[in-house]
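Trainee: how would this look folded up:
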Amino acid sequence: MARMAREQWYDIARDLDWDLSYVDDEAVFPEWMCGQGKIPPEAWAAWDEPYKVSYHEYVATQRAKETGAYAVKSVLRKSRVFDQLDEGWKSVAKQHFGAVALIEDLAVYAELRMARFGLAPAWRNMAVYGALDETRHAQISLYFPHELLGKDPQYDWAHKAYRTDNWAVIAARATFDGMMMNPSVVDVAVQLPFTFETGFTNVQFIALAADALESGDINFANMISSIQTDEARHAQQGGPTLEILFEHDPRRAQWIIDKTFWASARLFAFLTGPAMDYYTPLATRKQSYKEFMLEWVAGQFLDQLHDYGLHRPWYWDEFLAGLDTWHHAMHLGLWYWRPTLWWKPQGGVSPEERDWLRSKYPGWQEQFSPIWDVITHNVVDGRMDLTLPQTLPWLCNLCHLPIGTAASPHNATSPVRSYPLRHNGYTHHFCSRTCRQIWWEDRDTLHCPTVIERLLGGQIQPPTVEGILAWMGLTPEVMGDDAYDYRWAGTAHRTPAQGPPPQEETAELPDGARPVPVNALFHGDFVTQLVQVLDTDTIDQAARKVAAQVVGRRVPVRDAQLVLRVDGRTVPGHVTVAASGIRALDAVHVGWAG
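Mentor: Predicted structure coming up:
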């Protein structure tokens, strides 16, 4: 029997809908789930996806993709390709699998929510394909690393990461839950398919596919290229939804895009920036992270916004400036706190690599080289204890990334500092004005405590580095260390560090003394940190406690007096913390006198 051409039946089938007679519309499409807002119901009749596909066509295409991906994997299974891969590149794959594999599964639920509560039948139809896409993405992202478990237990974190309370996973969960699970489906369609998948997955998938091929990881390149080819189809849910939303509520449309783009940019500075500019072997790097972001994200995204009549986000200049600094600060933090990771971060600051970084980022030398100089000297001298953390960086209450990673140490425009906000008697800390503004606007829907807040709240026991690592699910065999055994520092022969050094027992508090946790920054450092002082400490003693976490570790030792400042005022060294007015969770700044 002859089959009708798709054009003859597609519009009728995918627009199939009916009037409800047993219940009212609000019962089937509740406002809190659908997010119709100011949009009249009849407006959804205009929803139309540009790229149309039937189920028969969908299955045939997906079968071909699956066959191609798994055929290549089967051919390479008995080869020695994996054993010959660069260790830095292997870390790119481990980081990607742990951070992304189960996000693909979360996206299934986001698509299914749109398939059930989307306000146009054509939209609901397209979301079904999206759910099938994301199911395939999750399966292939879990299957490919599974066979590597016998070679390296860190690949287990493809399955395990999102079932732990690792700090990086909490940051990713906070972003993606806010993008996929918490909002209404109208917001989901604008945040996920339009802003994130159209704007950002190009960076993680296209760029890394190219770098993977150059690095010889054919399996990884083939896998993520297969995933990326699905994005064009279900990402188109965003455009038609945005058009209708913008027509009836442009302010809401602009806000959804602005906050999602910022959260995505902050997360990708952690996820993709270090992978492209530090982990990928120098000989195989094609573009810097900044170059790729400017080409694939910044320029194209602005063109899209213009096409829809939207404005560029209010923080755009800050975002562009951040392409020079954010991921370098994130990389420093990832490397220094490497025991908290499920991959091996590559230091990436050998003389040749520094030359490359300076050529791509002219400000890198001034901003980050001094810190790496101190770290390098400690490695060369065998002082590995000084390259490992004794406390946690303070984390932003919105993006959950370390405060300081939206800035750089010697940057007059964006200095390293906390942006606090006191609300309902509690002080929240943010990495930037933009994070603080987004949190303030959406504060009634944000209830994810940071690792710092969980530690101070007593959820992590014992409250030591070892206790924190155990709480995060990290065991010695998967704990991160330098990918190249610190060869970049010129130390070919040394005993590698095995996790953090032993911690001293916490001394009993003096009678009447109470701990005062502060958000402490030492001048010249790249991040603020949790430091516990006592209310009976003098300011001089408190300043030395802050300095002990930084000086000789990331900032050079100097023969100079220490000074402590709060809210820009210098506090006399002889007064006590209690008398100074410093409260728990306050931000303090310590530096050299003069």
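
Trainee: From here on, just use CA atoms for contacts and neighbour counts.
Mentor: Fine.

Trainee: Give me the distance between the helix or strand that contains residue 302 and the centre of its chain.
Mentor: According to DSSP states H and E, residue 302 maps onto helix 299-307. For helix 299-307, the separation from the chain centroid amounts to 23 Å (computed by C-alpha atoms, centre = their mean, to the nearest Å).

Trainee: Ok, stretch 355-371 next?
Mentor: Distance of stretch 355-371 from the chain centroid (C-alpha atoms, centre = their mean) equals 23 Å.

Trainee: got it, and stretch 560-567?
Mentor: Distance, centroid of stretch 560-567 to centroid of chain: 33 Å (C-alpha atoms, centre = their mean).

Trainee: ok, now stretch 94-107?
Mentor: On C-alpha atoms, centre = their mean, the centre of stretch 94-107 falls 12 Å from the chain's centre.

Trainee: Check which residues of stretch 561-581 are buried.
Mentor: By neighbour count on 16 or more other C-alpha atoms under 10 Å, the buried set for stretch 561-581 is 562, 563, 564, 565, 571, 573, 576, 577, 578, 580.

Trainee: same thing with stretch 346-353?
Mentor: Within stretch 346-353, the residues scored as buried using 16+ other C-alpha under 10 Å are 346, 347, 348, 349, 353.

Trainee: returning to that earlier point: which pair of the buried residues of stretch 561-581 spans the longest distance?
Mentor: Greatest spatial distance among the buried residues of stretch 561-581 (C-alpha to C-alpha): 562 and 578, at 18.9 Å.

Trainee: Okay, and which of the buried residues of stretch 346-353 map to helices?
Mentor: residue 353 (DSSP state H).

Trainee: so which of the buried residues of stretch 346-353 would you say is closest to residue 414?
Mentor: Nearest to residue 414 among those is residue 349, at 23.5 Å by C-alpha to C-alpha.

Trainee: so what's the residue lying closest to that closest one once chain neighbours are set aside up against?
Mentor: Closest residue to residue 349 apart from its sequence neighbours, by C-alpha to C-alpha, 6 or more residues apart in numbering: residue 488 at 6.3 Å. Going by C-alpha atoms under 8 Å, 6 or more residues apart in numbering, residue 488 touches 347, 348, 349, 350, 351.

Trainee: Out of those, which comes closest to residue 428?
Mentor: Nearest to residue 428 among those, with distances taken as C-alpha to C-alpha, is residue 347, at 31.9 Å.

Trainee: What's the separation between the closest one and residue 335?
Mentor: According to C-alpha to C-alpha, to the nearest Å, residue 347 stands 7 Å off from residue 335.

Trainee: what sits in contact with each of the two?
Mentor: Common neighbours of residue 347 and residue 335, using C-alpha under 8 Å, 6+ apart, are residue 482.

Trainee: Residues touching the helix holding residue 302, excluding its own?
Mentor: Helix 299-307 is contacted by residues 199, 311, 312 when judged by C-alpha under 8 Å, 6+ apart.

Trainee: can you give me the offset of the top helix by length along the chain from its chain's centre?
Mentor: Longest among the helix segments of the chain by residue count, using DSSP H, is helix 87-117. Here helix 87-117 is found 12 Å from its chain centre; the criterion is C-alpha atoms, centre = their mean.
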